[in-house]
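Student: build me a model:
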Amino acid sequence: MTDVRTRFLWPVVLISVGLVFLCAFTAISLFHQQATLARDLRENVASRRVATEMEECLLDLLALLNDHVESVAALHDRARMHLTEMRRFADQDKEIALSERLAHAFDHYLSVWKHLPAPQAPGHEAGVREAKRILELELVKPCQEFEQYNGARIEESTKHHDRVLRQLAWGMAGIGLLGGVAGLVLGFGAARGVTQSIRRLRVEIRDAAGKLDPTSPEVVLTEVGDFEDLHEEVSRLATQIEGVVQRLQRQEREILRAEQLAAVGQLAAGVGHEIRNPLTSIKLLVQAGQEDAGGLAAEDLRIIEGEIRRMELSLQTFLDFARPPKPDPRPADLREAVVSVIMLTRGRAEKQRVTVELEAPPGPITLTADIERLKQVLVNLILNALDAMPTGGTIFVTIRVYPDRILVDVADTGPGIPEELKPKLFEPFMSTKDTGVGLGLVISKQFVEDHGGHLIVADRPGGGALFRVSLPHSHPRLS
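Tutor: Numbering: from 1, shown residues only. Okay, the predicted model is just below:
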């Protein structure tokens, strides 16, 4: 599947991204050209409009002078305003030259008009003729040239706009054609690759099925690219896989049953070992008492009682493993329970010169749990720590309270637990002690998990082993 993605998905993605970028670049380029053309067209239209209005104003002024009307101050102001707009819109060299030419000519005209003699004075008519000449030759004609130049630019912008539209149409058509061709090529390649991948998959599954069941029917492979019988072949493969899975499940159940029988046999061997030694001691003491007419001494009876209690404890351990008792959760003081466990094991700790240090918050620590079973867990952890330090050391018992959890750590300064044994530490009948049955940690872990908690093992930072019991404040059954 990963090979198919690498071979076909990424090329499709890359080509698709390339087409998207190509379309985006083409659209942005054409949009930029369109915007530039539109801006130039608006400027040329505005320039032509101003030139037309300037020409109309000059023609009106000339007509009034021909009719001997000399009250033209308003037309002079209007012409000056149009001339200012023409100079503002002029952005080409020819437009700038024409606007400067018009400005000088209009200044010349105004100078002649201001120095006209009085209407009845000699030279008045000659001054008016000079003013009209300036209007016709030096103002109207350049204004018409300005208008024609902008008209030509408008026509050129229109043609350019048509070319851009044709380029846009051909560009979109080319991109569409390229996308179609790429889709066909990639589709053919993907179909061919998927077909080959399915063929390889069928061969691999057939090979795996043949290893599990050499009598399975042969898988017939069709020609490359033939999809007519693909569904039927895949269905046949699925049926074969389903049969293999069913056989594997049956084998797994048989293996599990064998493991259970082996566990029962190991349990029976453990029970026999744990009971045989005490029974041997009791049998020897009873035989010695029968030979001695004075009966059994008090020390012998004490040994017999101790051996019987040892058998009871071993049987109780096996019973707890085979049929765990149901927890009886009740509110209790965890600190008091830990202190009682430390007092219970103090005698053996002092005998081995082991110091037990308790670190806990002051005051009661209330939680809802089966406190007697919890004590059994702590006793087991402390006894294991004592077994690891036969010649002295320190046991650290730490209680930490959090809003959602309570942690109880039991750490020691012993040699620690070898790395190869940690994964097997909570497996039944796994023990590093000659007299151990390997069920204490299993039962303790089961009890903690029944209370919604966890029991984990780690290395103590200063050396030694650390067992951590994590419990909720309330038993899940009461939450």
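Student: pretty sure Ile456 sits against Phe467.
Tutor: Yes. Applying C-beta atoms under 8 Å, one finds Ile456 in contact with Phe467, separated by 7.4 Å. No exception for glycine: its C-beta is placed from N, CA and C like everyone else's.
Student: more crowded one of these two?
Tutor: A count of neighbours by other C-beta atoms under 10 Å puts Phe467 above the other of Ile456 and Phe467, at 26 against 13.
Student: so the more buried one is in which element?
Tutor: strand 465-471 (DSSP states H and E).
Student: using PDB, list the CA coordinates for that strand.
Tutor: Presented in PDB, the C-alpha positions along strand 465-471 are these (Å, rounded to 0.1, in the frame of the first residue of the first chain):
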ATOM      1  CA  ALA A 465      14.000  -1.500  43.500                       C
ATOM      2  CA  LEU A 466      10.900   0.600  43.800                       C
ATOM      3  CA  PHE A 467       7.300  -0.700  43.700                       C
ATOM      4  CA  ARG A 468       4.500   1.900  43.300                       C
ATOM      5  CA  VAL A 469       0.900   1.400  44.200                       C
ATOM      6  CA  SER A 470      -1.500   3.900  42.600                       C
ATOM      7  CA  LEU A 471      -5.100   3.900  43.800                       C
END
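Student: what strands line up against that strand, and which way round?
Tutor: Partners of strand 465-471 in the sheet, by DSSP bridges, are strand 406-412 (antiparallel), strand 454-459 (antiparallel).
Student: just name the most buried of those strands.
Tutor: Mean neighbours per residue, mean count of other C-beta atoms under 10 Å, is largest over the strands paired with strand 465-471 for strand 406-412, with a mean of 21.
Student: if we look at it, which residues are touching it?
Tutor: Strand 406-412 has contacts (C-beta atoms under 8 Å, 6 or more residues apart in numbering) with 334, 338, 365, 367, 378, 381-382, 385, 388-389, 393-400, 460, 464-473.
Student: and the lengthiest strand in the chain with strand 406-412, angle?
Tutor: Scanning the chain for the strand with the most residues, using DSSP state E, yields strand 393-401. Strand 393-401 runs at 170 degrees relative to strand 406-412, counting by axes from the mean of the first three to the mean of the last three C-alpha atoms, to 10 degrees.
Student: pLDDT on strand 393-401, on average?
Tutor: Averaged across strand 393-401, the pLDDT comes to 94.
Student: show me where the stretch 101-250 of the chain has its helices.
Tutor: Using DSSP state H, counting those that start in this stretch, the helices found in the stretch 101-250 of the chain span residues 124-133, 141-212, 230-291.
Student: lowest average pLDDT across these?
Tutor: Among the helices of the stretch 101-250 of the chain, helix 230-291 scores lowest, at a mean of 67.
Student: break the protein into its domains for me.
Tutor: With automatic domain parsing as the criterion, the domains of the chain are listed as 2-186, 251-323, 327-478.
Student: most neighbours per residue, which of these?
Tutor: Comparing those by mean neighbour count (mean count of other C-beta under 10 Å), domain 327-478 comes out on top with a mean of 17.
Student: for the stretch 351-479 of the chain, which spans come out with low pLDDT?
Tutor: Residues of the stretch 351-479 of the chain that meet the criterion pLDDT under 70 lie in 428-439, 475-479.
Student: rerun that using 90 as the cut-off
Tutor: 362-377, 379-380, 383-384, 387-388, 390-391, 403-404, 415-454, 456-464, 473-479 (pLDDT under 90).
Student: what segments of it are helices?
Tutor: 371-388, 440-450.
Student: which of those helices sits closest to Gln167?
Tutor: Nearest to Gln167 among those is helix 440-450; the distance by C-beta to C-beta comes to 74.4 Å.
Student: now do the closest one: which elements does it pack against?
Tutor: helix 298-322, helix 371-388, strand 454-459, strand 465-471 (3 or more C-beta pairs under 8 Å, 6 or more residues apart in numbering; DSSP states H and E).
Student: same question for stretch 47-65, mean pLDDT?
Tutor: 82.
Student: and for that stretch, what's in contact with it?
Tutor: With C-beta under 8 Å, 6+ apart as the contact definition, stretch 47-65 has outside contacts at 70, 72, 75-76, 78-79, 82-83, 85-86, 89-90, 95, 102, 128, 131-132, 135-136, 139-140, 143-144, 146-147, 150-151, 154.
Student: alpha carbons only: can I get that stretch in PDB?
Tutor: Below are the C-alpha coordinates for stretch 47-65, written out as PDB (Å, rounded to 0.1, in the frame of the first residue of the first chain):
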ATOM      1  CA  SER A  47      -7.800  62.900 -21.200                       C
ATOM      2  CA  ARG A  48      -9.900  62.800 -24.400                       C
ATOM      3  CA  ARG A  49     -13.000  64.000 -22.500                       C
ATOM      4  CA  VAL A  50     -11.000  67.000 -21.100                       C
ATOM      5  CA  ALA A  51      -9.600  67.700 -24.500                       C
ATOM      6  CA  THR A  52     -13.000  67.600 -26.100                       C
ATOM      7  CA  GLU A  53     -14.400  70.000 -23.400                       C
ATOM      8  CA  MET A  54     -11.400  72.300 -23.900                       C
ATOM      9  CA  GLU A  55     -12.000  72.300 -27.700                       C
ATOM     10  CA  GLU A  56     -15.700  73.100 -27.200                       C
ATOM     11  CA  CYS A  57     -14.800  75.900 -24.800                       C
ATOM     12  CA  LEU A  58     -12.300  77.400 -27.300                       C
ATOM     13  CA  LEU A  59     -14.900  77.200 -30.100                       C
ATOM     14  CA  ASP A  60     -17.500  78.900 -28.000                       C
ATOM     15  CA  LEU A  61     -14.900  81.600 -27.200                       C
ATOM     16  CA  LEU A  62     -14.100  82.000 -30.900                       C
ATOM     17  CA  ALA A  63     -17.800  82.200 -31.800                       C
ATOM     18  CA  LEU A  64     -18.400  85.000 -29.300                       C
ATOM     19  CA  LEU A  65     -15.500  86.900 -30.600                       C
END
